[in-house]
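I would like the atomic coordinates for the input below:
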Amino acid sequence: MKTSNLLGKQLAIALLLSIAEVITASAATFTVTNTNDSGPGSLRQAVLDANAGTTADTIVFDASFNTAKTITLASEIALGANANVTHILTIVGPGKNLLTISGNNAVRHFKTTAGDTNSISGMTLANGNGTPGGSINNSSTLTLTDVIFAQNTANDGGAIYSAGNGTTSGVLNIVSCTFTDNTTTGTNINGNGGSAMTINSGNVTITNSLMTGGTTLGGGGAIRNGGTMAISNTTISNNTSGGAGNSDGGGGIHNSGELTLSNCTVIGNTSGEDTRGGGIRNFFKLTLINSVVTENTATEGGGGIYGSGSTVSGEFMNISNSTISNNVANAGTGSTTFGQAGGIYIGGGMATTITGSAISGNTARLIDPLQATRQGNGGAIYTDGPLTLINSTVSDNLAESSYGGIQDSNPGGTSDIVTIINSTIANNRASGNVGGFGSSSTSDVGQQFVSNSIIADNIADGGTSQDVFGSIGSLGYNIIGNTTGSTGFGTTGDQLNIDPLLDPAGLADNGGLTQTIALQPNSPAIDKGKSADVISDQRSLVRPFDHPSIANASGGDGSDIGALEDQPPNTPPGNDVTVEAPAGDASVMFDSVTQTGFTIFAAIVPPSSAGTPPAGYIILDDAPAYDITTTATFTAPITVCFTVNAITDAAEFARVRILHGEDGVLVDRTDRSSLDFASRTVCAQVDSLSPFVVALAPAPGLLNISTRLQVLTGDQVLIGGFIITGTDPKLVILRAIGPSLSGFGIPNPLADPVLELRGADGSLITSNDNWTSDQAAIEATGLQPTNDLESAIVATLDPGSYTAIMSGNNGGTGVGLVEAYDLAPDVASELANISTRGFVDTADNVMIGGFILGSETTVVVRAIGPTLTDFGVANALADPTLELRDVQGTLISSNDNWKEPNEAEIEATGLQPGMDAESALVEILPAGAYTAILAGAGGTTGVGLVEVYRLP
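Below you'll find the predicted structure:
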């Protein structure tokens, strides 16, 4: 029994050892130790040793390759040369900047065997030369990672040629590779190409790679694809295809297979002489997703993309969430030349669907004016195949002949139906006729349909059809800026020959994957459409978004017309969250948002309808105004900023204010420190949202003066003085108030006040007893007294000194109030200082002077008494005291004897009183109402004078 167990253990150990030997033999690692072309330690020898194996082997490089090395090959290296054995080989290079394998411009680097699986990484393959495939000829399953292909040459497939052995197609996976300055030299017409690669058949995936600087005489400056290819996160740039007699084209890519590009950029490529498709030329199936095709040039048609095929064979182009921009279609001279479609050419029944995309800034050039029908048409798109355009924007394209936006040129038939849905075609230009969209074929009637789209603001320099041309089938709910030259519009929901009020800024980043043109807040497109069951807009935001305050079109669903659905931006949670108005002239910053929500900017039109501003403020009707609301949960404060481009004078801009609606009243909440003339921005800080308007504050100065005093007789009547400085006459109203004071609890009011206005020399200018004698003029100011016995004078006064004298009719006495209001704060003059003289009694009969400031102002307030005796005034107040209070009655400051404590500050103004016993204050005060109270120290009485000076 024990012997049997021992034997079993020995057999098990032997079996394990034999399995280990098999594994070791079948998964060998070979190390390259030198840069020799052949022999022990060479790369070639390592491959030969691996080829002798039967399954998976790995080749690595020793530490000597930690410094840059070059291996120069004398002949190509065959991977897996045994066609009867399926082999797996992985070559792990030290790094693309450490190892260069050179073909010395004479030989190809590698050739693979069908059925094998190979992987190459971490090296540069340079100066290869083979036919076909200058660096690699592949028929295996090959993965290339972090490899640079540089300056390789072939008659076809400058760097890589991938096909198969007739039975099995090659498979190619390319990850993080760079192809630069590779070339093909084949002269076969319409055959050779692909400086980076030619794929004859098989599946190809390319990710995170760059293909640049390639040159081919055939089609496909970088790629010529005849297989099934998926490219993602890759840039194809500055490649050139084609030469004399070659019509393949495709400056970046020539596709006759199935091609998908996702998150790719095709930029700066050129299809050379007599070729088409500056970026891409497609003959079979092309899918473009979230990609950019820009700044490419075709010497003939299709500056960005040229597609030509047949609906019978199933060819198509599907373009979604992509940008086709700034491409150019050139042409030559003579009747054989062709040059249409700056952006996209659709020909030969190539069924094309474009969704959520922007086609902008493309140009179709007219080189030979004698060939205007063959050149320079279709700035964005030229089609004689079926086209469906959904949720897309066609803008800022140029046709040097005609059709700045889209031209449909097919002679008709079901294979040529053009349908435009929920799209915007605007700001395109044609040097000839038709700025926007139309059909150039009279036999192609009834094959164009437009639904819920904007076609407007296009320009035709040489024709009358600015926006549309031809017989077009309206499916309703369109805005057409100018219908001249077209028929078919005018069905349900169409708005014709009107301005859609698109954002003047034009194409911009309004969110989403592609640029759009925003709608102005009062655009007739908002909520006037019907979305044709499309549930999102170009930005992939929900459609419709129904504004409750805007009535929907009859039969509509509240969608907006065009590619963009106007809706409030979503306010995310977080701190310092800023949300901008769609028009770009307002922003709201929330200090903290705890729950997401929509912030809605509803334009107030006209802004003056928002409410009544504070006295002296003027609401600007040419400045932004919004009723702002949010469904987000936030923590105060909120900062609201406006851009006010309407004000171009710096001094005037300093008066710009934001007024905020609070309990039905517009309140100035401007943060004065935010005023920035350079950017024309002004901000306000508030605790809640509601209407906001922009206004001009009154010009700096004293907007109102008033003095309440015991009016006696003789020299003890109430005498108010004021000075108007500046250059322009100023409209003022003077009031003498008496009986109505009883309504404010003032005892013994003056029963019947009389008012006189006198000039600097004492001459009488005018007088009034009972204001209704000039009722119309006074009521026009809105400042009419409430009692018919009170007096008022409206006068336009030149700059100078004036005196208003208030007395009682027939020698009556009592408490009276004299006032002066500035009715023209915007003219180039102002109330610079005011003064009132009268008898100062005690208790409620001290002198109370009021004034209103239109803006932050430095003022000097003086209480004068003893000095009056020098001017012959009897019974002058011996020791006046002075208090300055705000509109709430809160004491701001007070003084008794001006030298204490601010002697130096007051003397610096040059307005120090003449007697030490007199009082004075100097203060910087914000806009608002203030009261100066003049009393006698210790309850003394006498004639006093209170004065307010505005300092420049």
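
How is Ile778 assigned, secondary-structure-wise?
helix (DSSP: H, G, I helix; E, B strand; the rest coil).

Pull the number of nearby residues for it.
Counted with other C-beta atoms under 10 Å, residues neighbouring Ile778 total 21. C-beta: built from backbone N, CA, C; applies to glycine.

next one: Thr594
11.

gap between it and Val577?
Thr594 sits 10 Å away from Val577, going by C-beta to C-beta, to the nearest Å.

again with Leu853
36 Å.

of the two, who's got more company?
More neighbours surround Leu853 than the other of Leu853 and Val577, with 23 against 18 (other C-beta under 10 Å).

and the residue lying closest to Arg655 once chain neighbours are set aside, how many neighbours?
Excluding the flanking residues, the one nearest Arg655 by C-beta to C-beta, 6 or more residues apart in numbering is Ala697, at 4.5 Å. If you count neighbours by other C-beta under 10 Å, Ala697 ends up with 23.

do the same with Asn770
Residues near Asn770, counting by other C-beta under 10 Å: 18.

Would you agree Asp49 falls within a strand?
No: according to three-state DSSP, Asp49 belongs to no strand; its state is helix.

List the contacts of it.
Asp49 makes contact with Ala28, Phe30, Asp57, according to C-beta atoms under 8 Å, 6 or more residues apart in numbering.

What lies in contact with the helix or strand hosting the second one?
Okay, so that is Phe30. Secondary structure assignment for Phe30, by DSSP states H and E: strand 29-32. With C-beta under 8 Å, 6+ apart as the test, strand 29-32 has contacts from 41-43, 46, 49-50, 57-62, 65.

Run me through the strand neighbours of it, direction for each.
strand 56-61 (parallel) (DSSP bridges).

The next helix or strand after the strand it pairs with - contacts with which helices or strands?
Remark: after strand 56-61, the chain's next helix or strand is strand 69-72, criterion DSSP H and E. With contacts taken as 3 or more C-beta pairs under 8 Å, 6 or more residues apart in numbering; DSSP states H and E, strand 69-72 sits against strand 99-102.

Neighbouring strands of the following helix or strand past the strand it packs on in the sheet, and parallel or not?
The first helix or strand that comes after strand 99-102 along the chain, using DSSP H and E, is strand 110-111. The pairing partners recorded for strand 110-111 under DSSP bridges are strand 77-78 (parallel), strand 136-138 (parallel).

Please save the CA atoms from stretch 522-537 in PDB.
Output in PDB follows, covering the C-alpha atoms of stretch 522-537 (Å, rounded to 0.1, in the frame of the first residue of the first chain):
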ATOM      1  CA  ASN A 522     -38.100  88.500 -27.800                       C
ATOM      2  CA  SER A 523     -37.500  86.300 -30.900                       C
ATOM      3  CA  PRO A 524     -40.700  85.300 -32.800                       C
ATOM      4  CA  ALA A 525     -39.200  81.800 -33.000                       C
ATOM      5  CA  ILE A 526     -39.700  81.100 -29.300                       C
ATOM      6  CA  ASP A 527     -42.600  78.700 -28.600                       C
ATOM      7  CA  LYS A 528     -44.000  79.300 -32.100                       C
ATOM      8  CA  GLY A 529     -43.000  75.900 -33.600                       C
ATOM      9  CA  LYS A 530     -43.800  72.300 -33.800                       C
ATOM     10  CA  SER A 531     -40.900  69.900 -33.300                       C
ATOM     11  CA  ALA A 532     -42.000  67.100 -35.700                       C
ATOM     12  CA  ASP A 533     -41.500  64.500 -32.900                       C
ATOM     13  CA  VAL A 534     -37.800  65.500 -32.400                       C
ATOM     14  CA  ILE A 535     -37.400  65.500 -28.600                       C
ATOM     15  CA  SER A 536     -34.200  67.400 -28.300                       C
ATOM     16  CA  ASP A 537     -32.500  70.400 -30.000                       C
END
